[in-house]
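**Q** quick one: sequence and predicted model below, then my questions.
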Amino acid sequence: MVKHSSRIVLSQSALKGNYNFLRKKIGKDIKMASVVKANAYGHGIHQFVPMAEKCGVDCFAVASSHEAEEVIEACSEDSQIIIMGILYEEDIPWAIKNDIQYYVFNYDRLELSNRIAKDLGKKAIIHLEVETGANRTGLPKHDFDKAINYLKEHKDNLQFEGLCTHLGGAETIANKFKIDAQIERFDEFLNRCKEIGHEPNLRHMASSAAAIAFEETRYDMVRIGVSQYGFWPSPDIHYLHLRETDKNVEKGLKRIFTWKTDVMDLRKVDEGEYIGYGTAYQAVQDMTIAVLPLGYSNGYPRALSNKGYVLIKGKKAPVLGLINMNLFMVNITHIPDVEIGDEVVLVGRQKNNVIKVSSFTQQTHLLNAEMLSRLPTAIPRSPGP
Ligand SMILES: *Cc1c(COP(=O)(O)O)cnc(C)c1O
């Protein structure tokens, strides 16, 4: 197989460390669903899922039936899959046949699921999502009693696996008043289940931020996305954590991916010459530059034109001029003995230097998760130590 212009390597030991850290924070009795939507936040579903399973993870949550299909290909027989988002009506039989659990957030979908499950002679495994204040998906309160009664009546076809909701912004402490209101509403729904006499197997609302910072949001299960990949959900959550621990012994979360490419070509540029398109960069002295074989079409943000840097021989090499569609140039005047084919680190460590995703995102105003999830699926990912 021919080589791609860049590659991503994932660290099994960093991942293990992240799960140990999260487990210690969250407690050992709470179920953890690993959120692997958006190609496992850019890490690659096919590579990431088996690595997570090696750490004991056995439940994966995705945003669509299409992503669920990719998880099926990657996961072991015993792992569970939950679709939290789009499941088209015509794909419901497929989901039920494959034991895929799915969110339901309107009443009609319960009746439909019941009919299909009955026809197939197999239970639909349902997480009923309720509206508590985020106002995206979620069954409204006025349909709730009807829905629970329906689930109760048709429990031979409909397994009431979960009652769940999603928080509108637990990443920011200033939103805590919203979160508190959502918890209160969620508890009211749970009380109604008890009164009606039909309760879910699992109650869940927390994603990374809430799971880490707010114990009262953990219930029976948490849905962990960004933090398992080694990123703090937000500065607020990181700060809360630092405040309650001894900073010196702090191990915390570690990025698990490294992104690399190679030097494609080298050249000398005379003082006063322009580098690349237009007049974006003019050489301030005689320079040596390296040409790298990727650009914005390969996930390297164009906003890093004249701003980003990469690592070559453990030293920082600044981007010169504009990021092109599939090339960009860096300054290596200060780095001796660079050769064509030398390894280039775009994100990650090389010798004593490190380039963090945050150095990208501060320049580009992308979210960590946004930058990661935009990494093209064509980039090969492989597991590493
Ligand atoms: C994306 C998502 C999560 C995970 O969120 P993180 O902040 O990445 O942990 C959890 N639940 C739902 C419904 C989501 O869409």
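**A** Looks like it arrived, so ask away. Numbers count the residues shown, from 1 in each chain.

**Q** look at N248 and report its pLDDT.
**A** pLDDT, N248: 57.

**Q** scratch that, L367
**A** pLDDT, read off for L367, is 84.

**Q** state the phi and psi torsions of it.
**A** Backbone torsions for L367, taken as degrees, to the nearest 10, come to phi -80, psi 150.

**Q** tell me how many other residues surround the nearest residue to it once chain neighbours are set aside.
**A** Counting by Cβ to Cβ, 6 or more residues apart in numbering, the nearest residue to L367 once its immediate chain neighbours are dropped is T361, at 6.6 Å. In short, each C-beta sits where N, CA and C put it, glycine included. By other Cβ atoms under 10 Å, 19 other residues sit near T361.

**Q** okay, now the closest residue to K123 other than its chain neighbours: neighbour count?
**A** In space, and not counting its chain neighbours, K123 is closest to Q159: 4.7 Å by Cβ to Cβ, 6+ apart. Residues lying near Q159 (other Cβ under 10 Å) number 17.

**Q** ditto for the one 5 residues further on
**A** Each residue near C164 was counted by other Cβ under 10 Å, and the total is 27.

**Q** nearest residue to it other than its sequence neighbours?
**A** Using Cβ to Cβ, 6+ apart and skipping residues adjacent in sequence, the residue nearest C164 is H204, 4.7 Å away.

**Q** can you tell me the centre-most residue of the chain?
**A** Y41 (3.4 Å; Cα atoms, centre = their mean).

**Q** what sits against that one?
**A** By Cβ atoms under 8 Å, 6 or more residues apart in numbering, the residues touching Y41 are 225-226, 229, 369, 372-373.

**Q** okay, now the closest residue to the ligand within the chain: neighbour count?
**A** Closest residue of the chain to the ligand, Cβ to the nearest ligand atom: G225 (2.3 Å). The criterion is other Cβ under 10 Å. On that basis, G225 has 22 neighbouring residues.

**Q** repeat that for K176.
**A** 14.

**Q** for T333, see how far away it is.
**A** Distance of K176 to T333, given as Cβ to Cβ, to the nearest Å: 50 Å.

**Q** any idea which of the contacts of Y41 is least confident?
**A** Of all of the contacts of Y41, A369 carries the lowest confidence score, 88.

**Q** which SSE is that residue in?
**A** helix 368-373 (DSSP states H and E).

**Q** what's that helix packed up against?
**A** helix 37-41, helix 357-364 (3 or more Cβ pairs under 8 Å, 6 or more residues apart in numbering; DSSP states H and E).

**Q** buried set for that helix?
**A** By neighbour count on 16 or more other Cβ atoms under 10 Å, the buried set for helix 368-373 is 368-369, 371-373.

**Q** re the thing from before, just give the nearest non-adjacent residue to the residue of the chain closest to the ligand, would you?
**A** Nearest non-adjacent residue to G225, counting by Cβ to Cβ, 6+ apart: V35, 3.5 Å away.

**Q** who in the protein is up against the ligand?
**A** For the chain, the residues in contact with the ligand (Cβ under 6 Å from any ligand atom) are 35, 37, 84, 166, 207-209, 223-227, 233.

**Q** can you list those in a markdown table and add distance to H142 and secondary structure?
**A** Formatted as a markdown table, the residues of the chain next to the ligand follow (distance: Cβ to Cβ, whole Å; DSSP: H, G, I helix; E, B strand; the rest coil):
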| residue | distance to H142 | secondary structure |
| --- | --- | --- |
| V35 | 30 | strand |
| K37 | 30 | helix |
| M84 | 23 | strand |
| H166 | 19 | coil |
| S207 | 26 | coil |
| S208 | 31 | helix |
| A209 | 30 | helix |
| R223 | 26 | strand |
| I224 | 32 | strand |
| G225 | 31 | coil |
| V226 | 34 | helix |
| S227 | 35 | helix |
| P233 | 33 | coil |
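
**Q** ok, back up a step: the residue nearest to G225 and M221 touch, don't they?
**A** No. The criterion here is Cβ atoms under 8 Å, and V35 misses it with M221 at 11.7 Å.

**Q** that older thread, might you report the residue contacts of the residue nearest to K123?
**A** With contact set as Cβ under 8 Å, 6+ apart, Q159 has these partners: 123-126, 201.

**Q** kindly report the same for I26.
**A** So, once contact is read as Cβ under 8 Å, 6+ apart, I26 ends up touching 32, 211-212, 218, 222.

**Q** and it, backbone torsions?
**A** Torsion angles, degrees, to the nearest 10, at I26: phi -90, psi -30.

**Q** in the protein, which spans are helices?
**A** 12-26, 37-41, 45-54, 65-74, 92-97, 107-120, 144-153, 176-196, 208-213, 235-243, 357-364, 368-373 (DSSP state H).

**Q** so which helix or strand of the protein has the lowest pLDDT on average?
**A** Lowest on mean pLDDT, DSSP states H and E among the helices and strands of the chain sits helix 357-364, with a mean of 83.

**Q** check which helices and strands that one sits against.
**A** helix 368-373.

**Q** just the helices of the chain: most buried one?
**A** helix 208-213 (a mean of 26; mean count of other Cβ atoms under 10 Å).

**Q** averaged pLDDT, it. What do you get?
**A** Helix 208-213 comes out at a mean pLDDT of 97.

**Q** now swap in stretch 161-171 and tell me
**A** 96.

**Q** list the buried residues in it.
**A** 161-167, 169-171.

**Q** from these, which ones fall inside strands?
**A** Counting by DSSP state E, the buried residues of stretch 161-171 place 161-164 in strands.

**Q** tabulate those residues (a markdown table), appending distance to R349.
**A** Putting these into a markdown table (distance: Cβ to Cβ, whole Å) gives the following:
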| residue | distance to R349 |
| --- | --- |
| E161 | 41 |
| G162 | 39 |
| L163 | 43 |
| C164 | 38 |
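
**Q** can you list the domains in the protein?
**A** Following automatic domain parsing, one finds the domains of the chain at 12-245, 257-355.

**Q** how close does S382 sit to Y41?
**A** S382 is 17 Å from Y41, by Cβ to Cβ.
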